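Novice: okay, predicted coordinates and the sequence, questions at the end:
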Amino acid sequence: MYQIKTFNAIAPAGLNTFTNNYQLNQSDQPDAYLIRSVDLHDHQFPTSLKVIARAGAGVNNIPLDTANANGTAVFNTPGSNANAVKELVLALLVIASRNLMAAADYSATHTEADVSQRTEHDKTKFNGTELLGKTLAVVGLGHVGSLVANAALSLGMNVIGYDPYLSADAAWNIAKQVQRATTLKMAVKNADYVTVHVPKSEDTLNLIGAPEITAMPKDVQLFNYSRGGIVDNAAVLAAIDDGRIAHYYTDFGEPQLADQAAVTVTPHIGGSTIEAEVNGATQAAQTIMTYLETGNVTAAINLPNLTVPFNAAYRFTIIHENVPNMVGQITTKLADAGLNIATMANAAKGHLAYTIIDVDDLDHDSSQYLTDALNKIPAVARVRLLIHH
Ligand SMILES: NC(=O)c1ccc[n+]([C@@H]2O[C@H](COP(=O)([O-])OP(=O)(O)OC[C@H]3O[C@@H](n4cnc5c(N)ncnc54)[C@H](O)[C@@H]3O)[C@@H](O)[C@H]2O)c1
Ligand SMILES: O=C(O)[C@H](O)COP(=O)(O)O
């Protein structure tokens, strides 16, 4: 029986996909965490924890260094909530272009009998513009950004994208009419609207700061539905005072943004649709089951892709540092135990490498001896022995 611990509100439809081999929230020695935005940075990881699956996109709430040192695999659910964010950004474009928030606030505060007469008189204050023919800059063209860019094209907007790290797979999803900028400043220089869809990391802190905002035209409207910290709030407020930014919309409130007429804050609802939450929870549950039962890895954050059909009787999975001579040391231990390897695969990504070794004959004493011996190799972070059922 595998033990799962959940954090945050995880869609029941996703949790229901766990088979009878899984128990939820019954043990303080869980094999897996299924999480959303809970901040794990000051969290003590139990030694039992083999995998963390984040239902959603952002993994800035997970301490990857700790996970690497513990040999804990980290996954997210790529694309599971991208459509939800896309639809919200489309709504924001319409809200921003038509001055909708201010217009609705105005009508909500007028209840006198002459409301219709004053409405007709005052409505010119809320004249908007159309999105047709306007320019949208999309910073980050991954799962969310590519959907936003393509959808904005279909509204008749000019779309210019910036993503220097775009994967070949992601590039296939972007309509050819989306213009590519080679620098962030070039992307935003003619934009009426700028929307940011990048992960939060050391490299993207204050990605949109004073120099980038200065490169934007006057009266630009800026959307941050990525993460707090990617846009420099102080620079935004200064640009609002200078009349460069007309309005800032963000999903990430902070005290300095409160009570600012030209700032609209939503409570981190970009991925909060029923559909996205079910997608994320279902994908995360499936990822956990595959990883715990087979050790196979597809699209992990901190491990390389490695998928080997599990046909042998036993499987060792070994997470180790990406340093020379690991495979040699590992296979020597198997040879010392007199074991014949049925299949072996190894791959590396960043600081970590991952080795899968299948064997057909393994008695109890050898399994214990080998697990201990492999664990004692200095650069090994975690060894698991899986039994084929
Ligand atoms: N508000 C919400 O509820 C909500 C929902 C989903 C995602 N998000 C946030 O949005 C982020 C993006 O989500 P996604 O699913 O599109 O992720 P993704 O990984 O599919 O795409 C991110 C893209 O950003 C690009 N990128 C990285 N650094 C960049 C930089 N310096 N300049 C330009 N591009 C850069 C990458 O190359 C990648 O193509 C997530 O990491 C998360 O923080 C927020
Ligand atoms: O990164 C994400 O997927 C979004 O920010 C959604 O976060 P949530 O699952 O906490 O709503």
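Specialist: Structure received. Numbers count the residues shown, from 1 in each chain. Ligands and ions are numbered 1, 2, ... in the order given.
Novice: what parts of the stretch 51-200 of the chain come near ligand 1?
Specialist: Within reach of ligand 1 by Cβ under 6 Å from any ligand atom, the stretch 51-200 of the chain has these residues: 57-58, 78, 81-82, 85, 139-145, 162-166, 170, 197-200. Any C-beta I mention is one placed from the backbone N, CA and C, and that applies to glycine too.
Novice: distance of the closest residue to ligand 2 within the stretch 101-250 of the chain relative to ligand 1?
Specialist: Relative to ligand 2, the nearest point of the stretch 101-250 of the chain is Arg227 (7.2 Å; Cβ to the nearest ligand atom). Arg227 is 4 Å from ligand 1, where distance means Cβ to the nearest ligand atom, to the nearest Å.
Novice: wait, what's in contact with that residue?
Specialist: Going by Cβ atoms under 8 Å, 6 or more residues apart in numbering, Arg227 touches Gly58, Asn60, Pro199, Lys200, Phe252.
Novice: which residues of the stretch 51-200 of the chain lie near ligand 2?
Specialist: So far as Cβ under 6 Å from any ligand atom goes, the stretch 51-200 of the chain lies against ligand 2 at Gly56, Ala57, Gly58, Asn81.
Novice: the stretch 251-389 of the chain now?
Specialist: His268, Gly270, Gly271, Ser272.
Novice: 5 Å instead, please
Specialist: Gly271 (Cβ under 5 Å from any ligand atom).
Novice: smallest distance to ligand 1 belongs to which residue of the stretch 251-389 of the chain?
Specialist: Gly270 (2.4 Å).
Novice: so that residue: helix, strand or coil?
Specialist: Taken by DSSP: H, G, I helix; E, B strand; the rest coil, the conformation at Gly270 corresponds to coil.
Novice: surely it and Val85 touch.
Specialist: Yes - counting by Cβ atoms under 8 Å, Val85 is a contact partner of Gly270 at 4.4 Å.
Novice: mutual contacts of the two, please.
Specialist: Contacts common to Gly270 and Val85, judged by Cβ under 8 Å, 6+ apart, are Tyr225.
Novice: quick check: bridge partners of Leu136?
Specialist: Val159, Tyr193 (DSSP bridges).
Novice: that one and Ala342: what is the separation?
Specialist: In this view, Leu136 and Ala342 are 54 Å apart by Cβ to Cβ, to the nearest Å.
Novice: and the pLDDT at the residue in the chain that ligand 1 sits nearest to?
Specialist: For the chain, the residue closest to ligand 1 is Gly142, as judged by Cβ to the nearest ligand atom, at 1.8 Å. According to the prediction, Gly142 has pLDDT 97.
Novice: residue contacts, it?
Specialist: Gly142 sits next to Asp163, Leu166, Ser167, Ala170, His197, Val198 when contact means Cβ under 8 Å, 6+ apart.
Novice: so where's this protein uncertain?
Specialist: 110-114 (pLDDT under 70).
Novice: domain assignment for it?
Specialist: Under the assignment automatic domain parsing, the domains of the chain span 1-80+274-302, 82-265, 304-389.
Novice: what segments of the stretch 151-300 of the chain are helices?
Specialist: 168-172, 184-188, 210-214, 233-241, 274-294 (DSSP state H, counting those that start in this stretch).
Novice: can I get the ones you listed in TSV including mean neighbour count and distance to Leu306?
Specialist: Below are the helices of the stretch 151-300 of the chain laid out as TSV (neighbours: other Cβ atoms under 10 Å; distance: least, Cβ to Cβ, whole Å):
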stretch	mean neighbour count	distance to Leu306
helix 168-172	10	18
helix 184-188	20	35
helix 210-214	17	39
helix 233-241	17	41
helix 274-294	21	10
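Novice: between those, which one is closest to Leu131.
Specialist: For Leu131, the closest of the helices of the stretch 151-300 of the chain is helix 184-188, at 17.2 Å, according to Cβ to Cβ.
Novice: that closest one: how far from the chain's middle?
Specialist: 24 Å (Cα atoms, centre = their mean, to the nearest Å).
Novice: contact partners for the residue nearest to Asn279 when sequence neighbours are not counted?
Specialist: Of all residues not flanking Asn279 in the chain, Ser80 sits nearest, at 3.9 Å (Cβ to Cβ, 6 or more residues apart in numbering). By Cβ under 8 Å, 6+ apart, the contact set of Ser80 is Ala55, Gly56, Ala57, Gly271, Ala276, Asn279, Gly280, Gln283.
Novice: farthest-separated two in these?
Specialist: Greatest spacing in the contacts of Ser80, by Cβ to Cβ: Gly271 and Gln283 (12.5 Å).
Novice: could the contacts of Ser80 go into JSON lines alongside distance to Tyr314?
Specialist: JSON lines is the format used below for those (distance: Cβ to Cβ, whole Å):
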{"residue": "Ala55", "distance to Tyr314": "31"}
{"residue": "Gly56", "distance to Tyr314": "34"}
{"residue": "Ala57", "distance to Tyr314": "35"}
{"residue": "Gly271", "distance to Tyr314": "39"}
{"residue": "Ala276", "distance to Tyr314": "39"}
{"residue": "Asn279", "distance to Tyr314": "34"}
{"residue": "Gly280", "distance to Tyr314": "33"}
{"residue": "Gln283", "distance to Tyr314": "28"}
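Novice: between the residues you listed, which sits nearest ligand 2?
Specialist: The shortest approach to ligand 2 among the contacts of Ser80 belongs to Gly56, at 2.6 Å (Cβ to the nearest ligand atom).
Novice: name the element that closest one belongs to?
Specialist: Counting by DSSP states H and E, no helix or strand carries Gly56.
Novice: does it touch Thr273 like I think?
Specialist: No - if you go by Cβ under 8 Å, Gly56 and Thr273 don't touch, sitting 11.8 Å apart.
Novice: so how many other residues sit close to Gln260?
Specialist: When neighbours are counted by other Cβ atoms under 10 Å, Gln260 registers 15.
Novice: again with Thr119
Specialist: Residues near Thr119, counting by other Cβ under 10 Å, number 12.
Novice: now the phi/psi pair for it, please.
Specialist: The phi/psi pair for Thr119 (degrees, to the nearest 10) reads phi -60, psi -50.
Novice: buried subset of the contacts of Gly142 as a ChimeraX selection?
Specialist: Of the contacts of Gly142, the buried ones go into a single ChimeraX selection, burial set by 16 or more other Cβ atoms under 10 Å:
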select :163,166,170,197,198
